[in-house]
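Q: Provided below are the primary sequence and the corresponding predicted coordinates.
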Amino acid sequence: MDPRIPEAVGNPRDPDNDPLETREWIESLDALIETAGPERATFLLRRLLQHARARRVPLPQVLATPYVNTIGLAEQPPYQGNLEIEARISSLVRWNALAMVVRANRAAAELGGHIASYASAADLFEVGFNHFFRGGERGDLVYFQPHSAPGLYARAFLEGRLSAEQLDHYRRETSGEGLSSYPHPWLMPDFWQFPTGSMGLGPLFAIYQARFMRYLANRGLLDAAPASHQTSRKVWCFVGDGEMDEPEALAGLSIAAREKLDNLVLVVNCNLQRLDGPVRGNGSVVQELEGLFAGAGWNVIKLLWGSDWDPLFARDEHRMLERAFLETVDGEFQTYAATDGAFNREHFFSKYPELAKLAEHLSDEDIDRLRRGGHDPVKIFSAYWHAARHEGQPTVILAMTKKGYGMGTAGQGRMTTHSHKKLDAEQLVAFRDRFALPLTDAQCDACDFVRPPGDSPEMAYLQARREKLGGHLPRRRSDAAPLETPPAASFAKFALEASGKEMSTTVAYVRMVGALLRDPHLGKRIVPIIADEARTFGMADLFRQIGIYSPFGQLYQPEDASQLSYYKEAVDGQILEEGINEAGAMASWVAAATSYSAHGYPLLPMYIYYSMFGFQRVGDEIWAAADSRSRGFLFGATAGRTTLSGEGLQHEDGSSHLVASTVPNCRAYDPAFAYELAVILEDGMRRMLGEREDVFYYVTLMNESYAQPSMPEGAREGILRGMYVVRPAKGAKVRLLGAGTILVEVLAAAELLEKDFGIAAEVHSVTSFTELRREGMEISRERRLSLTPAPSQGRGRTPWVESQLPATGRPVVAATDYVSAVADLIRPWIRDPYVALGTDGFGRSDTRAALRRFFEVDRHAVVLAALHALGDERFAEAAKRYGVDADTRPPWTR
Ligand SMILES: Cc1ncc(C[n+]2csc(CCOP(=O)(O)OP(=O)(O)O)c2C)c(N)n1
């Protein structure tokens, strides 16, 4: 068998030993379809297949169909628009998109930009804009292929939403006026809703968004009962075929099918190329994706051939087109896209005499114009129409297009087309002619933007369509009303007045969440998210209290049904239990954290996970969440390199706080005490839900139990700003800083210094090195810039870290459970000798005490660092007493 042909379809060249019998079977099937209809035919074929399987007849998996459109001519709905005007509009959008990129690169060749991706996607978008994408507050949510951004700007320009000047600032954003390279809500907060620039995240986020909409409806929070399936809100996601190679792009396939997300339509733009070359040069990306999606349980619509092919198919008695298509690998399809009609006749239609005959009456120009499905609005409309009505499954549309469509010799189907951004005069004129644009040669050469007058038929049509569909899109909103948030005393009294009771911060957290869930206003807006670690974090009681979300309720009697807190799944369950799937959990978190914008309904997502599997594992999703202006809490639990003692190298996190410091709108805290956590939660809720600030919180939680003091008076400000004194000492000679559980070691070190060496030590709890640094940087910048004549706004301010650690000549020693670079973040504002201890290196399994000794962050290491910084001659004696050997290799080399 030809290795290029998917086995499932069967090789059309397989010898037929009894053609007469074959014909009889086929004719019987035809007669059945004719008389009893396709449903009956499906039924009988299913029965036959079942029977054949029972008889152990070897069968191919039925996951691939012939290389033709899934929707036949007979099921095609009539086109509900004016094709001629729409073609003119889409030509204008194409031109302006191209002009924008070419102009930007004429001005500064370094700017880059893409033409070919949008050129392939234009018709897919335009049919959506004219007929399907609903705008407005309760509109559809559309995730756009990122490299098509110029096309979206060009359309917004025609719609009067962007000016020519703005288009001229494409990729020139620092002035504040520009248009961003890709969809970025952070940079264009009124326009872009969903960041998709990092390939693979778009489809993952879209799938979880669709699921989240079901969650909102099933919990009775929003859109509880859509009038009908067709009018219910949809998630549309456009993705490149190359992008489907990203593991994240495929990661959500099974949940989408399992939860029957028929509010989701994924459109894969199969232009068969990625950046460097063909996606599957030696195979077929369409067939491969069909198998994957069908196998996962999706409704698959292949949209491969345009209407001009219909008459050819109709006359193709021997189904030679099907055969030839199946024999054609994508590398060849690409070449056919890059060449002309004569070449296609010679190399494709001449494969078989029957094919040559089929194309006999076509001129080379006619062959050149045979469109692929993704460039024919009629076929696209038909695919979308069916997708929008399909029930019980998510739909994927595999739309075949040509990369660089219409760019002629400048790019269509060329290997290099992805990055093509300069067109010469001749190529521009060719493009104008190809799309019949109303431009003179001079306008063409100047790459003038074109926008017909508002009362022209094109503009009137375009606006009328959008009006009918509820308004312009994309459009991002952020006007949801603020929420009142509870004071710490109402949900964390036990923590504020802990009086030395032993507990871990994770236990404290679980108690606080339990109380918040009972809050009459906020309770229902909390979205607890877990990736199969609820029992690890002691949260299993929540299962019964608020239920685990499942669109199907609970179809089984849980094994632990007799327990007080059993494993309860419910349609209106509040917990999102994602299974072992941090990527999915994070995608859910983003959907909930941006609900204030996408749904006008603010929520408070609280995702708790192994801290190592956050910034390290799904760091790029967190970056996209930040771009999305997410508001919510991320809790890195079992945090720290030495605190999660037994789990070893892969589990012990020493870097998340360092990475968190690089995310501009992330407020990261490493609280040691339960009352600190309470204050951080209280203020975080106030800022995100009350003040509607576009920030999110990363808070580390530990599983080590120790005595929890009550909150000292006056500590609140310091907790939030990043540090405060927890152990004052009269006549202190040294100042010690600790964070998280290591603060407990630092406090013990202070006792040792005093008891064994008579050295008074003051101890500060540092709740956030990153917040201290952020403010320090801001004030340092003000100082730096105020050297210029313009008076800087905040001249004279002192960073909190500087005010807490004034220059006194007394050394400062800091220790954390993270790499030393975390404590180093505040070095610029410390005027005295500063020692930063941390846990650099690979983690390993051992007891907490052994690990802290190994990484040199235990009480003895802190004492030795203090003695050394003080130049105390008892250092050597102390090292000996503590059994510390200076000759060992540093932990980060071991
Ligand atoms: C995670 C990630 N890796 C790499 C890139 C760089 N990149 C941008 S577009 C592109 C090729 C896209 O090909 P495809 O998905 O087929 O879309 P097309 O442009 O062909 O429509 C690549 C590699 C990226 N944006 N994100």
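A: Received it, and whenever you're ready, just let me know what you need. Numbers count the residues shown, from 1 in each chain.
Q: Around the ligand, which positions in this structure sit nearby?
A: By the rule CB under 6 Å from any ligand atom, the part of the chain lying against the ligand is 117, 120, 147, 197-200, 240-243, 269, 271, 273-275, 279, 403, 418. Placement of C-beta: from N, CA and C, glycine included.
Q: shaky segments in the chain?
A: Low-confidence segments of the chain, defined by pLDDT under 70: 1-14, 60-62, 224-231, 787-795.
Q: For the ligand, what is the nearest residue in it?
A: With CB to the nearest ligand atom as the measure, residue 240 is the residue of the chain nearest to the ligand, at 2.0 Å.
Q: Give the full set of residues in contact with that residue.
A: 117, 145, 147, 199, 268, 269, 271, 274 (CB atoms under 8 Å, 6 or more residues apart in numbering).
Q: Doesn't the first one lie inside a helix?
A: Put plainly, it is residue 117. Yes: under DSSP: H, G, I helix; E, B strand; the rest coil, residue 117 sits within a helix.
Q: helix/strand/coil for the residue lying closest to it once chain neighbours are set aside?
A: Distances taken as CB to CB, 6 or more residues apart in numbering put residue 147 closest to residue 117, at 3.9 Å, once the chain neighbours are dropped. Put simply, residue 147 is helix when judged by three-state DSSP.
Q: wouldn't residue 147 be in contact with residue 114 here?
A: Yes: the criterion here is CB atoms under 8 Å, and residue 147 meets it with residue 114 at 4.4 Å.
Q: The most centrally placed residue in the chain and residue 620, how far apart?
A: Nearest residue to the geometric centre of the chain (CA atoms, centre = their mean): residue 201, 3.7 Å. Distance of residue 201 to residue 620, computed by CB to CB, to the nearest Å: 7 Å.
Q: Please apply the same query to residue 46.
A: Distance, residue 46 to residue 620, using CB to CB: 43 Å.
Q: Looking at the residues of the chain next to the ligand, which are in helices?
A: 117, 120 (DSSP state H).
Q: got a list of what the residue nearest to the centre of the chain touches?
A: By CB under 8 Å, 6+ apart, the contact set of residue 201 is 195, 248, 620, 621, 624.
Q: Downstream of the host helix or strand of residue 677, the next helix or strand is which one?
A: Element membership of residue 677 [criterion: DSSP states H and E] is helix 674-685. Sequence order places strand 696-700 as the next helix or strand after helix 674-685, per DSSP H and E.
Q: quick one: strands adjacent to that following strand?
A: Here strand 696-700 has these sheet partners by DSSP bridges: strand 633-637 (parallel), strand 666-669 (parallel).
Q: any chance of those in a markdown table, plus mean neighbour count and distance to residue 520?
A: Output for these, formatted as a markdown table (neighbours: other CB atoms under 10 Å; distance: least, CB to CB, whole Å):
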| stretch | mean neighbour count | distance to residue 520 |
| --- | --- | --- |
| strand 633-637 | 26 | 20 |
| strand 666-669 | 25 | 27 |
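Q: okay if I get those as TSV plus distance to residue 802?
A: TSV is the format used below for those (distance: least, CB to CB, whole Å):
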stretch	distance to residue 802
strand 633-637	28
strand 666-669	20
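Q: Looking at these, which is nearest to residue 189?
A: strand 666-669 (17.4 Å; CB to CB).
Q: Now do the longest helix seen in the chain: which elements does it pack against?
A: In the chain, with assignment by DSSP H, the single longest helix is helix 83-107. Here helix 83-107 touches helix 116-127, helix 149-158, helix 164-167, helix 377-389, helix 425-434, helix 457-468, going by 3 or more CB pairs under 8 Å, 6 or more residues apart in numbering; DSSP states H and E.
Q: one more time with 7 Å
A: With contacts taken as 3 or more CB pairs under 7 Å, 6 or more residues apart in numbering; DSSP states H and E, helix 83-107 sits against helix 116-127, helix 149-158, helix 457-468.
Q: Touching stretch 29-37 from outside, list them.
A: The contact list for stretch 29-37 (CB atoms under 7 Å, 6 or more residues apart in numbering) reads 40, 41, 44.
Q: How many residues are close by residue 876?
A: 12 (other CB atoms under 10 Å).
Q: What distance do you get for it to residue 884?
A: Going from residue 876 to residue 884 by CB to CB gives 10 Å.
Q: A strand includes residue 398, no?
A: Yes: assigned with three-state DSSP, residue 398 falls within a strand.
Q: Was I right to think it contacts residue 302?
A: Yes: Residue 398 lies in contact with residue 302 (CB atoms under 7 Å); the separation is 5.1 Å.
Q: shared neighbours of these two, which are they?
A: Common contact partners of residue 398 and residue 302 (CB under 7 Å, 6+ apart): 286, 290.
Q: if we can go back for a sec, among the strands paired with strand 696-700, single out whichever gets nearest to residue 257.
A: Using CB to CB, these put strand 633-637 closest to residue 257, at 28.2 Å.
Q: which secondary structure elements does the next helix or strand after that closest one contact?
A: Per DSSP H and E, the first helix or strand lying C-terminal to strand 633-637 is helix 656-660. Helix 656-660 sits against strand 666-669, helix 769-785, helix 820-824, with contacts defined as 3+ CB pairs under 7 Å, 6+ apart.
Q: rerun at 6 Å
A: Secondary-structure packing of helix 656-660 (3 or more CB pairs under 6 Å, 6 or more residues apart in numbering; DSSP states H and E): strand 666-669, helix 820-824.
Q: contacts for it?
A: Helix 656-660 is contacted by residues 611, 614, 615, 636, 666, 668, 698, 818, 819, 821, 822 when judged by CB atoms under 6 Å, 6 or more residues apart in numbering.
Q: how many other residues sit next to residue 733?
A: Using other CB under 10 Å, residue 733 has 20 other residues around it.
Q: To clarify, my last question referred to residue 374.
A: Residue 374: 30 surrounding residues under other CB under 10 Å.
Q: so how far is residue 364 from it?
A: Taking CB to CB, one finds residue 374 at 23 Å from residue 364.
Q: now do residue 761
A: Separation of residue 761 from residue 364 (CB to CB): 88 Å.
Q: of those two, who's got more company?
A: Between residue 761 and residue 364, residue 761 has the larger neighbour count (other CB under 10 Å), namely 25 against 15.
Q: can you pull the contacts of that one?
A: Residue 761 neighbours (CB under 6 Å, 6+ apart): 729, 732, 734, 736, 750, 753.
Q: who does the fourth one bridge with?
A: Spelled out, that is residue 736. Note on residue 736: beta-bridge partners by DSSP bridges are residue 763, residue 813.
Q: Quick one: neighbours of it, just the number.
A: Residue 736 is flanked by 29 other residues according to other CB under 10 Å.
Q: correct me, but it touches residue 746?
A: Yes: at 5.0 Å, residue 736 and residue 746 qualify as touching, with contact defined as CB atoms under 6 Å.
Q: list the residues that contact both of those two?
A: In contact with both residue 736 and residue 746: residue 763, using CB under 6 Å, 6+ apart.
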